[in-house]
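**Q** got a sequence here, can you build the structure:
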Amino acid sequence: MIVDSLAALEAIYHAPLAPASTVKVAVSVTPDYAALIAASPFAVLATSGPEGLDCSPRGDRPGFVRVADPHTLILPDRRGNNRIDSLRNIVRDPRVALLFLIPGSGTTLRVNGRAVISADPDLLASFSVDGHAPRTAIVITVAEVYFQCARAIIRAKLWDPEARVDQASLPTPGAILAALTAGEVGGQRYDAEWPGRAAKTMW
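**A** The predicted structure is shown next:
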């Protein structure tokens, strides 16, 4: 059975179970929410464009997303592969969402808002690491921010060392590329060279 209306959906789920489900939502970054952002070294950035939706992992030193003021977050766009999927989307559709993770904590933080891309030299210089500034920064006007309870993290055993997957059991990036290109791209050499290449282009 396909659920294809709000009425049918709400008949299954009813109202939120507790007041905490709704009163936790703020329209600006409170001091407690700022503390969670400052502790987070990893976030997932969701954007939307004409081609569809995109989710992009963003990682850096804890607090890499700056709370400029209670209504504004700034996310530096560090070096990557130049696909710029998220940036292309923001230029055409400013709606964005962030999901912050904090290692060892079950609490995650969700932010919804609208973004613009800044190439202001002074702003970018303020995000420099080891002499390297990002080429752009994503400036987000916050519409709502709230924490998510720990159920998903607990179910996933995300921070449990006993639940870690043996990397040797997984296909490597080089193997994936080789399979997709009939061996023209990727392979063992790609995997062997990637750590050194990444270390030189981290910032």
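
**Q** identify the residue nearest the geometric centre of this structure.
**A** residue 44 (1.2 Å; C-alpha atoms, centre = their mean).

**Q** would that residue count as being in a strand?
**A** Yes - checked against DSSP: H, G, I helix; E, B strand; the rest coil, residue 44 lies within a strand.

**Q** so it touches residue 57, yeah?
**A** Yes - counting by C-beta atoms under 8 Å, residue 44 touches residue 57, with 5.7 Å between them. To be clear about C-beta, it is placed using only N, CA and C from the backbone, and glycine gets the same treatment.

**Q** pLDDT weak spots in this protein?
**A** Scanning the chain with the threshold set as pLDDT under 70 gives 17.

**Q** where do the helices sit along this protein?
**A** All helices of the chain, identified by DSSP state H, fall at 6-13, 20-23, 31-39, 85-92, 121-125, 151-156, 173-180, 188-200.

**Q** distance check, residue 105 against residue 130.
**A** Distance, residue 105 to residue 130, by C-beta to C-beta, to the nearest Å: 28 Å.

**Q** longest strand in this protein, please.
**A** The single longest strand within the chain, with elements called by DSSP state E, is strand 136-148.

**Q** dump that one to CSV, restricted to CA.
**A** Taking C-alpha atoms only, strand 136-148 is exported to CSV below (Å, rounded to 0.1, in the frame of the first residue of the first chain):
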residue,chain,number,x,y,z
THR,A,136,34.5,30.4,-1.6
ALA,A,137,32.4,30.3,1.6
ILE,A,138,28.8,29.3,2.0
VAL,A,139,26.9,31.9,4.0
ILE,A,140,23.7,30.5,5.5
THR,A,141,20.8,32.5,6.9
VAL,A,142,19.2,30.3,9.5
ALA,A,143,15.5,29.6,9.3
GLU,A,144,15.3,26.9,12.0
VAL,A,145,17.7,24.9,14.1
TYR,A,146,17.0,21.9,16.4
PHE,A,147,18.7,18.9,17.8
GLN,A,148,17.8,15.3,16.9
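
**Q** skip the chain neighbours and tell me the closest residue to the residue nearest to the centre of the chain.
**A** Distance criterion C-beta to C-beta, 6 or more residues apart in numbering; nearest residue to residue 44, sequence neighbours excluded, is residue 99 at 4.5 Å.

**Q** follow-up on the earlier one: who has more neighbours out of residue 105 and residue 130?
**A** When neighbours are counted by other C-beta atoms under 10 Å, residue 105 and residue 130 differ, and residue 105 comes out ahead with 16 against 6.

**Q** roughly how far apart are the more buried one and residue 30?
**A** On the measure of C-beta to C-beta, residue 105 and residue 30 end up 17 Å apart.

**Q** next one: residue 151
**A** From residue 151 to residue 30 the distance is 22 Å (C-beta to C-beta).

**Q** looking at these two, which is more packed in?
**A** The residue with more neighbours, out of residue 151 and residue 30, is residue 30; 13 against 9, by other C-beta under 10 Å.

**Q** on that earlier part again, any idea what the residue nearest to residue 44 is bridged to?
**A** residue 44, residue 110 (DSSP bridges).

**Q** let me know whether it touches residue 108 as I believe.
**A** Yes - between residue 99 and residue 108 a contact is recorded at 6.0 Å, counting by C-beta under 8 Å.
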